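Enquirer: for reference, the sequence and a predicted model appear below.
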Amino acid sequence: MEVLRRDAEAIWSAALRAIAPERLVAGCAPALRDAVAAAERVVVVGGGKAAAGMAAGIEAVLGPDMLERHDVRGLVSVPEGCGRVLGRIEVRETRPAGANLPTPAVVEATREMLALVGALGPRDLVLAVITGGGSALVAAPREGVTLAEKIACTRALSEAGADIATLNAARRELSLVKGGGLARACGAGRLVALVLSDVIGSDLAVIASGPCHTPTAVAGAWTTPRGCRVEHAIVGDNTTAVEAAAAAAWSLGYEVAIDTATDGEPAEAVGRRLALRGLERLAEAARDGRMRAVIAGGEAIVRVPADHGVGGRNQQAALAALGEARARSGAWPQGLLVASIGTDGEDGPTDAAGGLIDEAVAVSIDEAALTAALARCDAYPLLTKAGGLIRTGPTGTNVADLRIVLAQP
C-alpha cells in the first residue's frame, strides 16, 4: 500500500514537471527570439494559472540584453499563491485561490492590458500568454453588463453541470476581451499567443475563452481590423502530462495503458470507469505477476444539488470509483490504487488537488457515508477523515486533470 502511494506520487510529480511553464516556453526559444528581434517594442499580457511561469520563461529566453533593447514590459493576471517578482513583467494576483471567478481586481488588470496593447504601433509585438484558468483572470464585461451579472450567469451554468465549452461560450458573449477581443484591441503589427491548453483537443476558441481567437482564424492565424497579424502556438496540453506520467510509470516497472481522454463527462462516470479498469488490470497482474497501470487525462463535470457539501470533480470521481469497486467485488481489493488529480493543484473550492482510493482509504469509509457524500457532492470531509486527499498546493500550471490507476499482484 505504501509502495502504491509512493509510486502514484512519483507519477503525478513527473507529469507536473513536464508541464512546468518555464520548461515549455524554453522549448520554443528560437522562434520567440526571432519574433522579438524583428520588433521595436514588446508587450507581454495575458493570464491564467500558468501565466507567471510563462512570463518568467519569456524573460529567461530573451535574456537581459533583448529585454532592454526591445523595451519589454507587460502585465499578467494570476490567482493568489501563483505570484512572483520578475524583472520586466508585472505578475499581479487578482483573485483568491480556489475561487474560479473574476473579481474587480481582474477587471482592472484586464483594462490595463487593453490599454497597453492599444497604445502600440505597427512595428511592435505583443506576446499573449494564455493558460488554463484565464477565463476568470482576464475579464472585462461588455458595456451594460455588470461583473455581478456575469458571475451569476457563470455560476448558474457551472452548478447545472455545463462543460467548459458551454461556460466559455457564455463568457464570450458577455465580455469585451474574450472571443478575440484582446487581439482586436491591439495596435501592434503582430501578436503571438503562447498557449498552455487545459482543454481536451486544444480548441483555441475555448482555452481561456479565446481572447486572441475568432471563428475566422485558420489554425489560429488571422488579421484584425486594425491590421495586427495574430498567430497561436500551443506549447503544452493534457497529452504532455499524460505522456510524462506514462513514461514515469514505465520506469517504475508498470506495464502501461493510456486511455483516451474525456471532456465534459460526469465525474461519477469517470470514477466508475477507473474502478472497472483497475479491476481488469488487477486480474491481469494476478495472472502473470506483472504490475499494471492505466494513465488517462480529461476534465469531468459535477452537477451540484441545491443541498450540496464541499468537494471537487476529482474527489467525486475517486468516491465513485470506491462505490463501483464495492458493487463489483464487495470490497476494495488489496493492490489497487485509483487517483484523480487537477494539474493546477485545485479541485473545486477546496485546498486539495484531488483524491485517491487505496485499501487504507477504503476501509475508513462506510457505505452509508459514501452514499451520502456522493449524493451531496460532499467528498472533501469524507476523504479528509479517511486520508484520501491529494494536496500539492498551487502548481503554477494547468492542463486539466490526470487519472492514475495502479495494480500490483
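Expert: Thanks, I have it.

Enquirer: list the buried residues for the longest strand along the chain?
Expert: The longest strand of the chain (DSSP state E) is strand 292-301. Buried positions in strand 292-301, judged by neighbour count with 16 or more other C-beta atoms under 10 Å: 292-301. From N, CA and C alone the C-beta is placed, and that goes for glycine too.

Enquirer: distance between stretch 307-317 and the chain's centre?
Expert: Between the mean C-alpha location of stretch 307-317 and the chain-wide mean there is a distance of 18 Å, by C-alpha atoms, centre = their mean, to the nearest Å.

Enquirer: now do stretch 312-328
Expert: Here the centre of mass of C-alpha atoms in stretch 312-328, compared against the chain's by C-alpha atoms, centre = their mean, lies 22 Å away.

Enquirer: ok, stretch 88-97 next?
Expert: Once both centres are worked out by C-alpha atoms, centre = their mean, stretch 88-97 turns out to sit 17 Å from its chain's centre.

Enquirer: for stretch 272-281, same thing?
Expert: On C-alpha atoms, centre = their mean, the centre of stretch 272-281 falls 25 Å from the chain's centre.

Enquirer: what does it rub up against?
Expert: Residues outside stretch 272-281 that contact it (C-beta atoms under 8 Å, 6 or more residues apart in numbering) are 257, 259, 292-294, 296, 317, 320-325, 328-329, 333, 336-338, 340, 403, 405, 407.

Enquirer: just those residues: which are in helices?
Expert: The helices, defined by DSSP state H, take in 317, 320-325, 328-329 from these.

Enquirer: ok, the buried residues of strand 292-301 vs Pro225, which is closest?
Expert: Nearest to Pro225 among those: Glu299, at 33.9 Å, using C-beta to C-beta.

Enquirer: list the contacts of the residue lying closest to that closest one once chain neighbours are set aside.
Expert: Distance criterion C-beta to C-beta, 6 or more residues apart in numbering; nearest residue to Glu299, sequence neighbours excluded, is Ala400 at 4.2 Å. Contact analysis of Ala400 by C-beta under 8 Å, 6+ apart lists 132, 198-200, 238, 261, 263, 297-299, 342-343.

Enquirer: if we use 7 Å, what do you get?
Expert: The neighbours of Ala400, taking C-beta atoms under 7 Å, 6 or more residues apart in numbering as the test, are 198, 200, 238, 297-299, 343.

Enquirer: so which elements touch the helix or strand of the chain with the lowest mean pLDDT?
Expert: Lowest by mean pLDDT, DSSP states H and E among the helices and strands of the chain is helix 164-173, with a mean of 73. Identification of packing neighbours for helix 164-173 by 3 or more C-beta pairs under 7 Å, 6 or more residues apart in numbering; DSSP states H and E yields helix 147-159.

Enquirer: and the longest helix belonging to the chain, which residues are buried?
Expert: Assignment by DSSP H gives helix 267-288 as the longest helix of the chain. By neighbour count, and taking 16+ other C-beta under 10 Å as the criterion, the buried residues in helix 267-288 are 267-268, 270-275, 277-279, 281-282, 284-285.
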